[in-house]
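*Asks:* Everything below, folded, please.
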Amino acid sequence: MAYAQAYDHLGKITAGGVNGHDLMLRLTPDTGVSFYAGAVCSLKTNGKVQLGAAGVTSLILLAENGTADLDVDGGDDWNVVTASNTQMGFYPLSGRCEYKTTEFVDGTYNPGSLLVPATAGNAGKLTAQSGELGDTGACGVVTKGKFTDAISGQSVVQFLGVYFPGHTHAATT
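*Replies:* Numbering: from 1, shown residues only. Model (predicted):
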């Protein structure tokens, strides 16, 4: 795993180009995983990407494109992307950028609220944090609550990607 672009402590580019695509990691989705662009993902112990969080200490990734998205297949047809052993782009939610996403669980998103990866049937989406931060970890801070994007016309949540790993509290007596 390597970043396509790097910066020094003053924010000057030391490697890579100047567009947003160079800010992403290029990783391989795990066999059989299906997701759309913008899905919340993480790395498994085998180094491949899975849908949702692998655990409370996972670095959360946003998929730049998805294995289930349609794409041109080399001819003139639109087909589902086949990502078997193919690297795809993922943005690490580690405090670098502000994002807008359509991939969130319906609810209230106020500025300053923490975001965590959703679980179970909502895996691949973000949700507002509940419980103590240490129990869940967090991957975003809402900067602008849920609103309708002027360009896409879709409901989105705007947030700053962060990396606050969670941990399990020791039992107290």
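
*Asks:* ok, now which ones touch Thr119?
*Replies:* Gly52, Ala53 (CB atoms under 8 Å, 6 or more residues apart in numbering). The C-beta positions use only the backbone N, C-alpha and C, and glycine is treated the same way.

*Asks:* try 7 Å this time
*Replies:* Gly52 (CB atoms under 7 Å, 6 or more residues apart in numbering).

*Asks:* Kindly report the same for Tyr91.
*Replies:* Neighbours of Tyr91 in contact, by CB under 7 Å, 6+ apart: Leu23, Met24, Leu61, Leu62, Glu64.

*Asks:* how about those, which pair is most distant?
*Replies:* Greatest spatial distance in those: Leu23 and Leu61, 12.1 Å, computed using CB to CB.

*Asks:* neighbour count winner among these two?
*Replies:* Looking at Leu23 and Leu61 with other CB atoms under 10 Å, you find the greater number of neighbours at Leu61, namely 25 against 18.

*Asks:* Leaving out the residues flanking it, which one is nearest to that one?
*Replies:* Residue nearest to Leu61 in three dimensions, not counting chain neighbours: Phe90, with 3.9 Å by CB to CB, 6 or more residues apart in numbering.

*Asks:* dump the residue contacts of that neighbour.
*Replies:* Met24, Leu25, Leu27, Cys41, Val49, Leu61, Leu62, Ala63, Glu64.

*Asks:* Am I right that the last one is in contact with Tyr99?
*Replies:* No: under the criterion of CB atoms under 7 Å, Glu64 makes no contact with Tyr99, lying 11.0 Å away.

*Asks:* quick one on the thing from earlier: any chance of the contacts of Phe90 in JSON lines, plus pLDDT, distance to Thr108 and secondary structure?
*Replies:* Shown next, in JSON lines, are those (pLDDT from 0 to 100; distance: CB to CB, whole Å; DSSP: H, G, I helix; E, B strand; the rest coil):
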{"residue": "Met24", "pLDDT": "74", "distance to Thr108": "30", "secondary structure": "coil"}
{"residue": "Leu25", "pLDDT": "81", "distance to Thr108": "31", "secondary structure": "strand"}
{"residue": "Leu27", "pLDDT": "84", "distance to Thr108": "32", "secondary structure": "strand"}
{"residue": "Cys41", "pLDDT": "88", "distance to Thr108": "25", "secondary structure": "strand"}
{"residue": "Val49", "pLDDT": "87", "distance to Thr108": "29", "secondary structure": "strand"}
{"residue": "Leu61", "pLDDT": "88", "distance to Thr108": "25", "secondary structure": "strand"}
{"residue": "Leu62", "pLDDT": "86", "distance to Thr108": "21", "secondary structure": "strand"}
{"residue": "Ala63", "pLDDT": "85", "distance to Thr108": "25", "secondary structure": "strand"}
{"residue": "Glu64", "pLDDT": "80", "distance to Thr108": "28", "secondary structure": "coil"}
